[in-house]
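Colleague: Could you work out the structure for the sequence below:
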Amino acid sequence: MKSKLLPGLLACLATLSFFPAAAWAKDAAAAKKPALRVDPSPVSEGKSALVTSYADIVEPVQKAVVSVYSKKIVRERVVANPLMRQFFGNIPDQEREHKEEGLGSGVIISPDGYILTNNHVVEGADELKVGLSDDREFLAKVIGTDPKTDIAVIKIEAGNLPTVTLADSDKLRVGDVVFAVGNPLGVGQTVTMGIVSAKGRSQLGLLEGGYESFIQTDAAINMGNSGGALVDAKGRLVGINSAIISTSRGSIGLGFAIPINLASTVLQSLIATGTVSRGYLGVSAQTVSAEDAESLHLTKGTRGAMITDVTPNSPAGKAGIQRGDVVLSFNDRPVSSWEEFRIMIAEMPPGAKVKLALSRDGKPVTVEVTLEKLDEKPDELLSGVDVTPLTSELRARLRIPARFDGLLVKNVAEDSPYADTLVPELLIVQIDREYVSDLASAKAALSPGRHLLYVYYRGALRVARIEIKGE
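Modeller: Numbers count the residues shown, from 1 in each chain. As a prediction, the model looks like this:
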């Protein structure tokens, strides 16, 4: 469970890739597609009789909620004492390892064992075990994860399992009664009750660079609830519990769940392909404020997303979208904010044609755009190696002579296969004697095989050799 006020506070963390995939192979996808039960009707028609118990509604849900136990082997290097080396010679460093265990929850969504949970529940785990409500236990394998939405899909080898029915989370209303079901703090399966406190919560900092559109609830969520079910008063799954904001490491009524409409599309993509591909439009935007409306020739109270920049040769640029355009609807769905618009784009598969209703200088404009695939790692040149163009500011700070230009390495992941060759603040000047001018041309030059890189680092021009293995 992630918390803005207490970094690292995870609903299920102890100590421990809605978005359809692009160009799915239809036959393969159909073969893997789980049979989901969906009831899209609203929870009520505004008229409700007095209810004295929800036991008949909650009981079937409890059978479909599981506990997820994770184990992770952590290895660390223990550096030998310098004094011991002084007296006894070159004593090698030692490696030791220990196990870290975590607890979370999950929701069975198909009778053949597919389970929805949080990415942070299974991230880095070496072993996963699932405990059912009838005390049976199964080893589980990870089908796919998506850190951008904090969704993961795992699977156990079992049949005829109890499942939940999915609702249409877009039809939730603030004030609807909801229940959180999970295994908080390992005490055993627990049900808590509250209401939908808010919808579409974003900019909370719970998913860095991710897609936040949380259901907020005051149903108590604690450590261990992550990945569990948030259900409505009909017992239908409306969300996957994910995080809290708290000053006390416990629930203070600020719980957050991933809407099931978002989670279920990620689920379908992960099951079909193991990854998630997102639509790409190629714009930057901001939410239209009340102060913006008049200058943009909009009627009072108009909501939308104002385009602030358009990437050249992007789908938006090819469709004629301009700076200052205000997006009012996306495929006839009203757009109320930039955050909402961003998720609408990302939920569509690459290659999808979408219709945007715009306001341009107060006049209605409709455009059709064919989305492309979003590059989730726009700065990555090689696996685990991020680069950036050399700016005058960077040149001055790193004291790089004017005669050298190229791409500057800004980050190298520890597990990158190039970590022993490339380091941060190294300037890639040439690839196989061809000067590097931009990321696209550099990527094109790095085909599978061996390459000779001319790099500038700390006052000297050097030669680096790398080998790119083909898939």
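Colleague: show me the residues around residue 321 that make contact.
Modeller: Neighbour list for residue 321: 283, 307, 310, 356, 358, 367, 369 [criterion: CB atoms under 8 Å, 6 or more residues apart in numbering]. Backbone N, C-alpha and C define where each C-beta goes, glycine included.
Colleague: Repeat the analysis, applying 7 Å as the threshold.
Modeller: 283, 307, 310, 367 (CB atoms under 7 Å, 6 or more residues apart in numbering).
Colleague: Now, those that are in strands?
Modeller: Counting by DSSP state E, the contacts of residue 321 place 283, 307, 310, 367 in strands.
Colleague: Please enumerate the helices of the stretch 151-300 of the chain.
Modeller: 260-273, 290-295 (DSSP state H, counting those that start in this stretch).
Colleague: now, of those, which is deepest in the fold?
Modeller: helix 260-273 (a mean of 24; mean count of other CB atoms under 10 Å).
Colleague: Can you spell out which helices and strands pack onto it?
Modeller: helix 26-32, strand 114-118, strand 137-146, strand 151-156, strand 165-167, strand 236-244 (3 or more CB pairs under 7 Å, 6 or more residues apart in numbering; DSSP states H and E).
Colleague: switch the cut-off to 6 Å
Modeller: Other helices and strands packing on helix 260-273, by 3 or more CB pairs under 6 Å, 6 or more residues apart in numbering; DSSP states H and E, are helix 26-32, strand 137-146, strand 151-156, strand 236-244.
Colleague: Domain-wise, how is this protein divided?
Modeller: If you go by automatic domain parsing, the domain ranges for the chain are 1-43+55-277, 279-373, 380-468.
Colleague: Tell me which of those domains is the most buried.
Modeller: domain 1-43+55-277 (a mean of 19).
Colleague: Return the distance of that domain from the chain's centre.
Modeller: Remark: domain 1-43+55-277 is offset 12 Å from the chain centroid, using CA atoms, centre = their mean, to the nearest Å.
Colleague: quick one: average pLDDT of it?
Modeller: For domain 1-43+55-277, the mean pLDDT works out to 84.
Colleague: can you give me phi and psi for residue 58?
Modeller: phi -80, psi -40 (degrees, to the nearest 10).
Colleague: now do residue 336
Modeller: phi -110, psi -20.
Colleague: these two touch, right, it and residue 303?
Modeller: Yes. Between residue 336 and residue 303 a contact is recorded at 4.2 Å, counting by CB atoms under 6 Å.
Colleague: Pretty sure residue 143 sits against residue 156.
Modeller: No. Because the distance of 10.8 Å does not satisfy CB under 6 Å, residue 143 is recorded as not touching residue 156.
Colleague: shouldn't residue 165 be in contact with residue 234?
Modeller: No. Look at residue 165 against residue 234 with CB under 6 Å: they stay out of range, at 8.0 Å.
Colleague: how far away is residue 410 from residue 386?
Modeller: 5 Å (CB to CB, to the nearest Å).
Colleague: same check, this time on residue 373
Modeller: Taking CB to CB, one finds residue 373 at 19 Å from residue 386.
Colleague: what sits up against stretch 136-152?
Modeller: Applying CB atoms under 6 Å, 6 or more residues apart in numbering, the contact partners of stretch 136-152 are 17, 117-119, 122, 128-131, 153-156, 158, 207, 210-211, 242, 263, 266, 270-271, 274, 276.
Colleague: Report the spatially nearest residue to residue 270, omitting neighbours in sequence.
Modeller: residue 144 (3.2 Å; CB to CB, 6 or more residues apart in numbering).
Colleague: now residue 264
Modeller: That would be residue 166: by CB to CB, 6+ apart, it lies 6.0 Å from residue 264.
Colleague: Give the full set of residues in contact with that neighbour.
Modeller: 36, 38, 237, 260.
Colleague: Can you lay out these as CSV showing distance to residue 295?
Modeller: As requested, the contacts of residue 166 are exported to CSV (distance: CB to CB, whole Å):
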residue, distance to residue 295
36, 46
38, 43
237, 43
260, 39
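Colleague: residues contacting residue 411?
Modeller: Contact partners of residue 411, counting by CB under 6 Å, 6+ apart, are residue 386.
Colleague: In which helix or strand does it reside?
Modeller: strand 407-412 (DSSP states H and E).
Colleague: which stretches of the stretch 351-471 of the chain have low pLDDT?
Modeller: 470-471 (pLDDT under 70).
Colleague: now the strands: where do they sit in it?
Modeller: 353-360, 363-370, 372-373, 380-382, 385-389, 407-412, 427-431, 434-435, 449-457, 460-468 (DSSP state E, counting those that start in this stretch).
Colleague: Out of the ones you listed, which is closest to residue 186?
Modeller: strand 407-412 (37.2 Å; CB to CB).
Colleague: Okay, now the sheet partners of the closest one, with direction.
Modeller: The pairing partners recorded for strand 407-412 under DSSP bridges are strand 385-389 (antiparallel), strand 427-431 (antiparallel).
Colleague: quick one: secondary structure of the most centrally placed residue in the chain?
Modeller: For the chain, the residue nearest the mean C-alpha position is residue 148 (1.0 Å; CA atoms, centre = their mean). Assigned by DSSP: H, G, I helix; E, B strand; the rest coil, the conformation of residue 148 is coil.
Colleague: how far away is it from residue 208?
Modeller: 9 Å.
Colleague: next one: residue 134
Modeller: According to CB to CB, residue 134 and residue 208 sit 38 Å apart.
Colleague: Ok, residue 311 next?
Modeller: Residue 311 is 22 Å from residue 208, by CB to CB.
Colleague: same deal with residue 360?
Modeller: The value you get for residue 360 to residue 208, if CB to CB is used, is 34 Å.
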